[in-house]
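Undergrad: predicted structure and sequence below. I'll ask about it afterward.
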Amino acid sequence: MTDLNAIVAQLKQERDKLDRAIAALSGVGRIGGGGGRRRLSAAARERIASAQRARWAKFKTKKR
């Protein structure tokens, strides 16, 4: 019976290691939150859109 108890104890240790590895890989213990999508302000979106329109305009004039 002692061998069986030792095997069970070893399996529990392995399970704990796997649980920690899974938690680390899935980001459960992440410090500082994170993981969500960042939100841009309307002004930032407009600046990005304006810059992209300028890039496309420059590209189209070179193409002609």
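TA: Arrived safely. Every value quoted in this text rests on a predicted model; they were computed, and no experiment measured them.

Undergrad: biggest helix in the protein, by residue count?
TA: Longest helix in the chain, counting residues (DSSP state H): helix 2-26.

Undergrad: can you name the element that comes right after that helix?
TA: helix 42-63 (DSSP states H and E).

Undergrad: quick one: distance of that next one to the chain centre.
TA: In this view, helix 42-63 has its centroid 29 Å away from the chain centroid, taken as Cα atoms, centre = their mean, to the nearest Å.

Undergrad: what mean pLDDT does it have?
TA: Averaging pLDDT along helix 42-63 gives 94.

Undergrad: just the CA coordinates for it, please, in CSV.
TA: The C-alpha coordinates for helix 42-63 follow below in CSV (Å, rounded to 0.1, in the frame of the first residue of the first chain):
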residue,chain,number,x,y,z
ALA,A,42,-11.9,60.0,-31.7
ALA,A,43,-9.1,62.5,-32.3
ALA,A,44,-6.5,59.7,-32.4
ARG,A,45,-8.7,57.8,-34.9
GLU,A,46,-9.0,60.9,-37.1
ARG,A,47,-5.2,61.5,-37.0
ILE,A,48,-4.6,57.9,-38.1
ALA,A,49,-7.3,58.1,-40.8
SER,A,50,-5.9,61.4,-42.1
ALA,A,51,-2.4,60.0,-42.3
GLN,A,52,-3.6,56.9,-44.1
ARG,A,53,-5.5,59.1,-46.6
ALA,A,54,-2.4,61.1,-47.2
ARG,A,55,-0.4,57.9,-47.8
TRP,A,56,-2.9,56.7,-50.3
ALA,A,57,-3.0,60.0,-52.1
LYS,A,58,0.8,60.0,-52.4
PHE,A,59,0.8,56.4,-53.6
LYS,A,60,-1.9,57.1,-56.2
THR,A,61,-0.1,60.2,-57.6
LYS,A,62,3.1,58.2,-58.1
LYS,A,63,1.2,55.5,-59.9
